[in-house]
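Peer 1: Give me coordinates for this.
(2 chains)
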Amino acid sequence: MDWGLFTIQMLNGLQLGVLLFLLAAGLTLVFGIMDFVNLAHGSLYMMGAYFCATLTQLTDSFLLGVVLALPLTALLGWLVELIVVRALYTHDHLDHVLATFGLILCFDTAVDYIWGPTGMAIPLPDFLNGQVTLFGGLEFPVFRLVIIASGLLVAALLYVMVAHTRLGMLIRAGASNRTMVMALGVDIGKLFALVFAVGAAFAGFAGMLIAPITEASIGMGNDIIIVAFVVIIIGGIGSIKGAFVAAMIVGLIDTMGRSFLDQLLKVFMSAQNAETSAPALSAMAIYILMAVVLAFRPQGLFPPKVR
Amino acid sequence: MTSLFRTGLPAYAMVVGLLFLAGLPVLAVWADNIFLIDLYLRLMILAIAAVSLNLILGYGGMVSFGHAAYLVVGAYAVGIPAYYGIYNGFLQFAIAILASAAIALVTGAIALRTKGVYFIMITMAFAQMVFFTFVSIEEYGGDDGLVIDTRSEFGGLLDINDNFTLYYFVLASLILTLGLVHRIVHSRFGMVISGSKGNDRRMQAIGFPTYRYRLASYVISGAICGYAGALLGNFTNFITPEMGDWVRSGELIFMVVLGGAGSLFGPVLGTAMFVLLEEYLSRITQYWHFPFGAMLILVVIFTRGGINGMFRWLGGRIGLGARS
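Peer 2: Reported below is the predicted structural model:
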């Protein structure tokens, strides 16, 4: 086995895991605290990427683009909560799914109208654009390392916020007993709006990080949002820790499966069979994992303690 | 016929609807607009799928977010034999129904152990598996899809290469499906399904193994949808895994809810509204998805029970038809 390739793919898996975590964090908070299923979370990921692309063009600086696009995405999330989501808290999950499905259509069309049907590339500044030499002479793009590092940093910040601040305390309290928090005089509506906006900013940040590699395109959130849902269900809905662990597992399994499953299968079956079945199996791997988790631990790996 | 009234929509609305569908080819020829036949063929095939989804979603409360997968399975049950030169329609449709039923049995057995949003997500996960399976089989075109060069042959009984024949074949299938679902829903079996939607624990307490009943209804629903998929494959002559994308499954749910889940004819109305809006909005503007999505949001926020509920409300106002 090629250990150099193995290491590179581990890093790529980690990078996917980090991106998934950024998406899943907002999704799992909104789901866990407000009991709201938000399919349109992927649209916020897309909008973050487009905001960043435009602002990078205007300011000629990727970093400035990210810094300006973040509050913009949060603002958009806040507006979405105010206009659409707020009216739906009292409805059931099916209604959430349908309404946010409508939101996806609206966002995709709006992007088509404003930015046109072709994608938008985001040029990276020189200091992020090179390759870095890892141990053993392996080359790895600097920017991918930056994605991993900034994702881990955000995860740490989020942990501190949820576990050690007053706001985090209110969020956790809201998740376990909404009525009691309201009775104690907390404006739960404001709390919900805040959590939604923060979740939107995280999703947008993930979009900004991936866009320089894949470019911002219409519907870019529609595939990854499903994987993010897989992550929060495996991790346990409402649990940040679960989302983190599951995002890493899913990112690694998906990436490693795509690169090494055929070699693994060749141990058990003929080379030809292995090569035909490996792509299908590796694409399915994360869904199989989710089905297994749901069949044996219906609440996910780390369900929040009090519900 | 009185039992039809209990499903909400006045029975004559359904009769009028079906009569309209029966007369449409004549209208299309008279108006010299053959395209109408294609439009309504697609509408009716999707309506069969929506009616099948309604059996579990509307009556059983099982929100399957992966029903489009059975459309794909059904379509490939026509496409793959045709790829090998087997055009026997009886065989193809049998494969479509049996394969869909088998997949529904296996996935349903696992999915029905979960509830609520977990059920939504696990059915979607299984649909994604089906999707990726067909994407990765290069032999049958993978991502690019598969052309069906010859439609199913029914040994001289019926020649569906003729679009008029296909039209009436599909219409008959739709009516049969409606009849079948009507019979199921009003049977003891259907009562158990509805009862389990209302209060599963109580149904179990009075001695029904509801899991088995729900699984059986899930399998029936999948099989009907697979049949619709076989029709769809024959109609389009070109099939891709894209037909089973999760967005398609979402659209199916929307058709059911728009028309009114849990009423016999509602899904047909919902599908009609969906397909016709899609068709005519897209002629007005290329950005038709925006008003369409906005409408979806408004429907969800402001109406409960879809257009069917609206009709019922109107009917109650002017003293017509259905009173439950």
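Peer 1: Poorly predicted segments of the stretch 201-324 of chain B, please.
Peer 2: Within the stretch 201-324 of chain B, the stretches with pLDDT under 70 are B:304-324.
Peer 1: Contact residues of it facing chain A?
Peer 2: Residues of the stretch 201-324 of chain B found near chain A (Cβ under 8 Å from any Cβ of the partner chain) are B:246-247, B:250, B:253-254, B:257, B:287-290, B:292-297, B:300-301. To be clear about C-beta, it is placed using only N, CA and C from the backbone, and glycine gets the same treatment.
Peer 1: Kindly recompute the last result at 7 Å.
Peer 2: Applying Cβ under 7 Å from any Cβ of the partner chain, we find that the stretch 201-324 of chain B lies next to chain A at B:246-247, B:250, B:253-254, B:257, B:287, B:289-290, B:292-294, B:296-297, B:300-301.
Peer 1: longest helix anywhere in the chain?
Peer 2: Picking chain A for this. Identified as the longest helix of chain A according to DSSP state H is helix A:3-34.
Peer 1: nope, chain B
Peer 2: helix B:210-236.
Peer 1: Check which helices and strands that helix is in contact with.
Peer 2: Counting contacts by 3 or more Cβ pairs under 7 Å, 6 or more residues apart in numbering or on different chains; DSSP states H and E, helix B:210-236 is packed against helix B:35-57, helix B:68-83, helix B:89-111, helix B:163-185, helix B:188-205.
Peer 1: how does it look with 10 Å?
Peer 2: Judged by 3 or more Cβ pairs under 10 Å, 6 or more residues apart in numbering or on different chains; DSSP states H and E, helix B:210-236 is in contact with helix B:35-57, helix B:68-83, helix B:89-111, helix B:163-185, helix B:188-205, strand B:238-239.
Peer 1: most surrounded residue in the residues of the stretch 201-324 of chain B next to chain A?
Peer 2: Highest neighbour count within those, by other Cβ atoms under 10 Å in any protein chain shown: residue B:257, with 31 neighbours.
Peer 1: Which other helices and strands does the one helix or strand that one maps to contact?
Peer 2: Using DSSP states H and E, residue B:257 sits within helix B:246-259. Here helix B:246-259 touches helix A:93-115, helix A:220-235, helix B:35-57, helix B:68-83, helix B:116-136, helix B:266-284, helix B:289-302, helix B:306-318, going by 3+ Cβ pairs under 10 Å, 6+ apart.
Peer 1: how close does residue B:178 get to residue B:186?
Peer 2: With the distance defined as Cβ to Cβ, to the nearest Å, residue B:178 ends up 12 Å from residue B:186.
Peer 1: repeat for residue B:76
Peer 2: To residue B:186, residue B:76 is 34 Å away according to Cβ to Cβ.
Peer 1: Between those two, which is the more surrounded one?
Peer 2: residue B:76 (31 against 16).
Peer 1: give the contact list for that one.
Peer 2: The neighbourhood of residue B:76, defined by Cβ atoms under 10 Å, 6 or more residues apart in numbering or on different chains, consists of B:82-83, B:95-96, B:99, B:130, B:133-134, B:137, B:140-141, B:146, B:148, B:226, B:229-230, B:233, B:239, B:241, B:243-244.
Peer 1: Weed out the non-buried ones from these.
Peer 2: With burial judged by 16 or more other Cβ atoms under 10 Å in any protein chain shown, the buried subset of the contacts of residue B:76 is B:82-83, B:95-96, B:99, B:130, B:133-134, B:137, B:141, B:146, B:148, B:226, B:229-230, B:233, B:239, B:241, B:243-244.
Peer 1: related to what we said a few turns ago, just the helices and strands packed on helix B:210-236: most buried one?
Peer 2: Most buried of the helices and strands packed on helix B:210-236 by mean neighbour count (mean count of other Cβ atoms under 10 Å in any protein chain shown) is helix B:68-83; its value is a mean of 28.
Peer 1: average model confidence for that one?
Peer 2: Mean pLDDT, helix B:68-83: 94.
Peer 1: One more: stretch A:194-203?
Peer 2: For stretch A:194-203, the mean per-residue pLDDT is 93.
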